[in-house]
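In: Okay, predicted coordinates and the sequence, questions at the end:
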Amino acid sequence: MVAMVLDEEKVTPPAEVSLLVIGDAEVHRLNRDYRGKDCTTDVLSFGMTGGADKTFVTPPDGIKHLGEVIISYPRAECQAKDAGHSVKAEVALLVVHGILHLLGYDHEKAADKRKMWRRQKAVLAKLGEL
């Protein structure tokens, strides 16, 4: 799934993404400590590419280390139930969403949100999820 998202976004290999699936308490702690938001969330993305300014140095191994996507499995279960689809489909949505964040997509502004949601929907359609 991760490789397909990267391929859809034209990220040339080799590239690496860490994917962690953990519990609410740990996601809550990470969200508080690194984002200043004292609550749990469904997915967190921590990029390693330097963002838009590309200030990080490329490692000598030649691999694009894009960052980490961290998913709260309990939140995925609840959201899947609320949305009326499978946990697999919800986790797929969260993985795609997290990777798009690593690649620079955002949803703070309405126009950016529309762009990100459009890409998210297209990638999920290719995956056959949601």
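Out: Looks like it arrived, so ask away.

In: Let me see the ranges of the helices in the chain.
Out: Using DSSP state H, the helices of the chain run over 2-8, 24-35, 73-83, 87-102, 110-127.

In: Buried deepest among those, which one?
Out: Stretch with highest mean neighbour count among these: helix 87-102 (a mean of 22; mean count of other C-beta atoms under 10 Å). (Glycine included, C-beta is placed from N, CA and C.)

In: can you state the direction angle for it and helix 110-127?
Out: Put simply, helix 87-102 runs at 130 degrees to helix 110-127, going by axes from the mean of the first three to the mean of the last three C-alpha atoms, to 10 degrees.

In: and helix 87-102, what's its mean pLDDT?
Out: For helix 87-102, mean pLDDT rounds to 96.

In: So which elements touch that helix?
Out: Other helices and strands packing on helix 87-102, by 3 or more C-beta pairs under 8 Å, 6 or more residues apart in numbering; DSSP states H and E, are helix 2-8, strand 15-22, strand 43-47, strand 64-72, helix 73-83, helix 110-127.

In: what about that helix, distance to the chain center?
Out: 5 Å (C-alpha atoms, centre = their mean, to the nearest Å).

In: And the contacts of it?
Out: 1-2, 5-6, 9, 17, 19, 21, 42-45, 47, 49, 66-67, 69-71, 73, 76-77, 79-80, 83, 116, 119-120, 123-124, 127, 129-130 (C-beta atoms under 8 Å, 6 or more residues apart in numbering).

In: Enumerate the beta-bridge partners assigned to the closest residue to residue 19 other than its chain neighbours.
Out: Ranked by C-beta to C-beta, 6 or more residues apart in numbering and with sequence neighbours excluded, the top spatial neighbour of residue 19 is residue 69, at 5.2 Å. Listed beta-bridge partners, residue 69: residue 19, residue 45 (assigned using DSSP bridges).
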